[in-house]
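> A predicted structure for the sequence below; I have some questions about it.
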Amino acid sequence: MPLVTMTELLKKAEEGKYAVGAFNCNNMEIIQAIVAAAEAEQAPVIIQASQGAIKYAGLDYISGMVKIAAENTDVPICLHIDHGTDFQQVMGCIRKGFTSVMIDGSKLALEENIALTNKVLDVARAVGVSVEAELGKIGGTEDDVTVTEREAALTDPEEAKTFVEATGVDAIAIAIGTAHGQYKGEPKLDFDRLKRVRELVDVPIVLHGSSGVPGDAIVKAIELGVRKVNIDTNLREAFVNRARQVMAEKPNEIDPRKILGPAREAMTEVIREKIRLFGSSQKAFS
Ligand code: G3H
Ligand code: 13P
Ligand code: ZN
């Protein structure tokens, strides 16, 4: 079926009180792993590409491969740019058929973030593309910041209300203690903050940096209103660990398919587990 929008998927997720998995892709095998998992679980999925992914694979390859994947399956698939920061690039993605975009103005002052998000929304609305924005700063686990700095980066619920009222954005990514990459310890999520945002804001909430967050914390976040959960690092780990294992077991193997095939299968399994955790299994057609 043709690609669907994020708004359509998240509306159903809100009705059913589950979250849709948003999985990062960089190449063909990853796209195939995401679709295989979605089919096996009969789940809707969001396939997203970061600026790094677009630089690596090329926009034409990413959009071409994901469109082919969607056309060859019945499960609903949305194609989304993850952490787009550049207006022109986001427009380029829309032109190439992305059905959803993230405009990440989180490093800007509130007013500038609102202005940039509205600029994207003006175009996206005209062509039926969904928009995710970010408020608060979701950094990387490797970022060298103090506890006070980390705390200051968390989303202010009142600001979230102002932001959503001023933009009418389709989904909002908030900072509640998660970070991108591998955690050193166990991440502590600020559920009170999430609850407060939910009380003040009536759009689906997006959780970034979700790899390595304990399952019960993910489930609680979904209970409190998270409707899109972003996963990248755990997929990379599954893929590369399996590839490493195959190469260690068969040091003379020179056929990339014999290495990437098992890596793709290992990734599919992890995605299936995530889909079940998010409650989106069997939700493709309901
Ligand atoms: O948000 C971060 C994602 O994991 C994408 O990472 O920029 O290395 O592609 P990347
Ligand atoms: P992780 O790599 O920590 O799962 O984060 C993914 C993400 O938030 C992509 O936007
Ligand atoms: Zn992210």
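Sure, I can see it. Here the structure is a predicted model, which means the values were calculated and not measured. Ligands and ions are numbered 1, 2, ... in the order given.
> so Leu200 is in contact with Ala160, correct?
Yes - with contact defined as C-beta atoms under 8 Å, Leu200 reaches Ala160; the gap is 6.3 Å. Yep, even glycine has a C-beta here, placed from its N, CA and C like the rest.
> ok, these two, which is more surrounded?
Ala160 (22 against 15; other C-beta atoms under 10 Å).
> what's downstream of the helix or strand where Asp122 lies, the next helix or strand?
According to DSSP states H and E, Asp122 maps onto helix 110-127. The element immediately downstream of helix 110-127 (helix or strand, assigned by DSSP H and E) is strand 130-135.
> that following strand pairs with which strands?
strand 100-103 (parallel), strand 171-174 (parallel) (DSSP bridges).
> contacts for the next helix or strand after it?
Using DSSP H and E, the helix or strand that follows strand 130-135 in sequence is helix 147-153. The contact list for helix 147-153, computed with C-beta atoms under 8 Å, 6 or more residues apart in numbering, reads Gly136, Lys137, Ile138, Gly139, Val145, Ala175, Gly177.
> could you redo the last one with a cut-off of 7 Å?
Under the criterion C-beta atoms under 7 Å, 6 or more residues apart in numbering, residues Gly136, Lys137, Gly139, Ala175 lie in contact with helix 147-153.
> what is the mean pLDDT for it?
Taken as a whole, helix 147-153 carries a mean pLDDT of 84.
> secondary structure element for the residue in the stretch 51-200 of the chain that ligand 1 sits nearest to, which one?
Ligand 1 sits closest to Gly52 of the stretch 51-200 of the chain, with a gap of 3.3 Å, by C-beta to the nearest ligand atom. For Gly52, the host element (DSSP H and E) is helix 51-57.
> and Lys195, what does it touch?
Leu224.
> how about the residues of the stretch 1-150 of the chain near ligand 1?
For the stretch 1-150 of the chain, the residues in contact with ligand 1 (C-beta under 6 Å from any ligand atom) are Asn24, Ser50, Gly52, Ala53, Asp82, His83.
> same thing but at 5 Å, please
Ser50, Gly52 (C-beta under 5 Å from any ligand atom).
> the residue in the stretch 1-150 of the chain that ligand 2 sits nearest to - nearest residue in space that isn't next to it in sequence?
With C-beta to the nearest ligand atom, the shortest gap between the stretch 1-150 of the chain and ligand 2 falls at Asp82, namely 4.5 Å. Among residues not flanking Asp82 along the chain, Gln48 sits closest, at 4.0 Å (C-beta to C-beta, 6 or more residues apart in numbering).
> which non-adjacent residue is nearest the residue of the stretch 151-286 of the chain found nearest ligand 1?
Relative to ligand 1, the nearest point of the stretch 151-286 of the chain is Asp232 (3.4 Å; C-beta to the nearest ligand atom). Spatial nearest neighbour of Asp232, excluding adjacent residues (C-beta to C-beta, 6+ apart): Asn24 at 3.8 Å.
> got the phi and psi for the one you found?
Backbone geometry at Asn24, expressed as degrees, to the nearest 10, gives phi -80, psi 140.
> picking up where we left off before, burial count for the residue of the stretch 151-286 of the chain closest to ligand 1?
23.
> ditto for Leu194
Leu194 - counted by other C-beta under 10 Å - has 23 other residues nearby.
> any idea which helix or strand carries it?
Going by DSSP H and E, Leu194 is in helix 191-200.
> can you pull the buried residues of the lengthiest helix in the chain?
In the chain, assigned by DSSP state H, the helix with the most residues is helix 256-278. Across helix 256-278, burial judged by 16 or more other C-beta atoms under 10 Å covers 259-264, 266-268, 270-272, 274-278.
> check whether it contacts ligand 2.
No - using C-beta under 5 Å from any ligand atom, helix 256-278 never reaches ligand 2; the gap is at least 9.7 Å.
> for the record, mean pLDDT for that helix?
The model assigns helix 256-278 a mean pLDDT of 99.
> against which helices or strands is it packed?
Helix 256-278 sits against strand 20-24, helix 28-41, helix 215-223, helix 233-249, with contacts defined as 3 or more C-beta pairs under 7 Å, 6 or more residues apart in numbering; DSSP states H and E.
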